[in-house]
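Chemist: got a structure for you, letters missing:
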């Protein structure tokens with residue numbers, strides 16, 4: 001019985017790096033959707049772009065946009081037992097999901113990629129009888145994103161598991177859902193509220 005030829009690191013890495021690239025592209029879409037929300041709240045296109053893109057880091061852009069968004073959404077009534085407006089709840093849920101995904105995004109940007117192999121036991125005859133030993137043949141390689149050797153000196157960083165192709169695929173799906181969620185919030189929640197606010201101001205103006 002012949003064994004299949006082992007998968008080369010090149011073949012194993014093709015799908016991994018393609019998925020990694022798709023994750024990066026999906027995050028670029030998230031950045032675009034976040035700017036759309038920021039621009040809707042601020043108004044002037046050019047000035048919005050200057051402020052937003054002069055702000056370094058997606059986490060800081062999220063914090064800036066969140067502050068702006070909450071400033072235009074309906075305020076919670078200052079009475080006992082009052083609940084946030086449904087639009088505020090929608091944004092808070094979206095922002096929480098955003099922040100959960102940012103930790104993985106940082107790993108994609110800053111942690112190294114390595115090739116690791118699984119080796120298997122086989123039995124053979126030794127001077128002391130039959131015994132298991134590691135085969136010299138290496139099986140399919142695993143491409144992983146892992147914490148760098150120097151960063152592993154930090155206790156919390158050392159506990160982070162490697163990111164596999166399955167983790168990247170799951171992350172890609174979540175980031176795409178986030179981009180869609182931001183788009184839906186802009187179209188279905190924020191824009192109608194801003195439009196209503198402008199209409200009210202126009203009606204109240206002398």
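Modeler: Great, that's in hand. Everything quoted here is computed from the prediction, not taken from an experiment.

Chemist: switch to C-alpha atoms for all contacts and neighbour counts from now on
Modeler: Fine.

Chemist: so residue 77, which of the three states?
Modeler: Assigned by DSSP: H, G, I helix; E, B strand; the rest coil, the conformation of residue 77 is coil.

Chemist: How much space separates it from residue 40?
Modeler: Separation of residue 77 from residue 40 (CA to CA, to the nearest Å): 24 Å.

Chemist: More neighbours: those two, which one.
Modeler: Taking other CA atoms under 10 Å, residue 77 and residue 40 do not tie; residue 40 has more neighbours (16 against 11).

Chemist: Which positions in the helix or strand where that one lies come out as buried?
Modeler: If you go by DSSP states H and E, residue 40 is part of helix 9-42. Judged by neighbour count (16 or more other CA atoms under 10 Å), helix 9-42 contains these buried residues: 9, 12-13, 16, 19-20, 22-24, 26-27, 29-31, 33-41.

Chemist: Then stretch 108-116?
Modeler: Counting neighbours by 16+ other CA under 10 Å, one finds that the buried residues in stretch 108-116 are 108, 111, 113.

Chemist: now the strands: where do they sit in the chain?
Modeler: 113-126, 129-145 (DSSP state E).

Chemist: before we move on, the earlier item: and the helix holding residue 40, how far out from the chain middle?
Modeler: 8 Å (CA atoms, centre = their mean, to the nearest Å).

Chemist: Then stretch 93-111?
Modeler: Using CA atoms, centre = their mean, the offset of stretch 93-111 from its chain centre is 4 Å.

Chemist: Stretch 162-176 now?
Modeler: That offset, for stretch 162-176, works out to 9 Å (CA atoms, centre = their mean).

Chemist: So for that stretch, what gets flagged as buried?
Modeler: For stretch 162-176, by 16+ other CA under 10 Å, it's 163-165, 168, 171-172, 174-176.

Chemist: now the chain, which segments are flagged as low pLDDT?
Modeler: For the chain, applying pLDDT under 70 flags the ranges 1-12, 80-81, 117-141, 149-158, 200-206.

Chemist: Swap in 80 and give it another go.
Modeler: Scanning the chain for pLDDT under 80 picks out 1-13, 77-82, 115-142, 148-159, 197-206.

Chemist: okay, which residue is most central for it?
Modeler: With distances taken as CA atoms, centre = their mean, residue 101 lies nearest the centre of the chain, 3.7 Å away.

Chemist: So that one sits against residue 175, correct?
Modeler: Yes - at 7.4 Å, residue 101 counts as touching residue 175 under the criterion of CA atoms under 8 Å.

Chemist: residues near residue 199, how many?
Modeler: 12.

Chemist: how far away is it from residue 193?
Modeler: For residue 199, the distance to residue 193 equals 10 Å [CA to CA].

Chemist: got it, and residue 165?
Modeler: Using CA to CA, one gets 41 Å for the distance from residue 165 to residue 193.

Chemist: Residue 160 too?
Modeler: When residue 160 is compared with residue 193 (using CA to CA), they lie 42 Å apart.

Chemist: Give the burial count for residue 57, as a bare number.
Modeler: Neighbour count for residue 57, taken as other CA under 10 Å: 9.
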